[in-house]
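Undergrad: Return a 3D structure for these sequence lines:
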Amino acid sequence: MNKPTKLFTTLCLFAGIALIVYIAGQLALSDSPLGALVPVGILLLVVVIYIRVSDKKDW
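TA: Below is the predicted model of the structure:
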């Protein structure tokens, strides 16, 4: 990947993470704070999948 594409992808990834954290915060402050676990769970699932895929590439 060239440098501008990699930079754009990284910025989009950070913006997506910030959006998920914002949604989780809004849900935590709303009437159903348990709903905040859904975006946090999705974020953790993505991190775990990324780690597993990265580990398999190293082999």
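
Undergrad: Quick one: the helices in this structure, in order.
TA: 3-29, 37-58 (DSSP state H).

Undergrad: Could you export those as CSV, including mean pLDDT and mean neighbour count?
TA: (Glycine included, C-beta is placed from N, CA and C.) Compiled in CSV, the helices of the chain are given as follows (pLDDT from 0 to 100; neighbours: other C-beta atoms under 10 Å):
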stretch, mean pLDDT, mean neighbour count
helix 3-29, 89, 12
helix 37-58, 86, 11
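
Undergrad: residues in contact with V21?
TA: Residues near V21 by C-beta atoms under 8 Å, 6 or more residues apart in numbering: 39, 43.

Undergrad: separation between it and V40?
TA: V21 is 8 Å from V40, where distance means C-beta to C-beta, to the nearest Å.

Undergrad: again with C12
TA: Distance from C12 to V40, by C-beta to C-beta: 20 Å.

Undergrad: Quick check: L43 vs R52, distance?
TA: Taken as C-beta to C-beta, the span from L43 to R52 is 15 Å.

Undergrad: Then N2?
TA: Distance from N2 to R52, by C-beta to C-beta: 27 Å.

Undergrad: Over to G35?
TA: 27 Å.

Undergrad: Next: T10.
TA: 21 Å.

Undergrad: same check, this time on K6
TA: For K6, the distance to R52 (C-beta to C-beta) stands at 22 Å.

Undergrad: Number of residues surrounding M1?
TA: For M1, the neighbour count with other C-beta atoms under 10 Å is 8.

Undergrad: Look up the closest residue to it, ignoring the ones flanking it.
TA: Nearest non-adjacent residue to M1, counting by C-beta to C-beta, 6 or more residues apart in numbering: T9, 7.6 Å away.

Undergrad: just I17 next, same as before
TA: Per C-beta to C-beta, 6+ apart, closest to I17 is L43, 6.8 Å.
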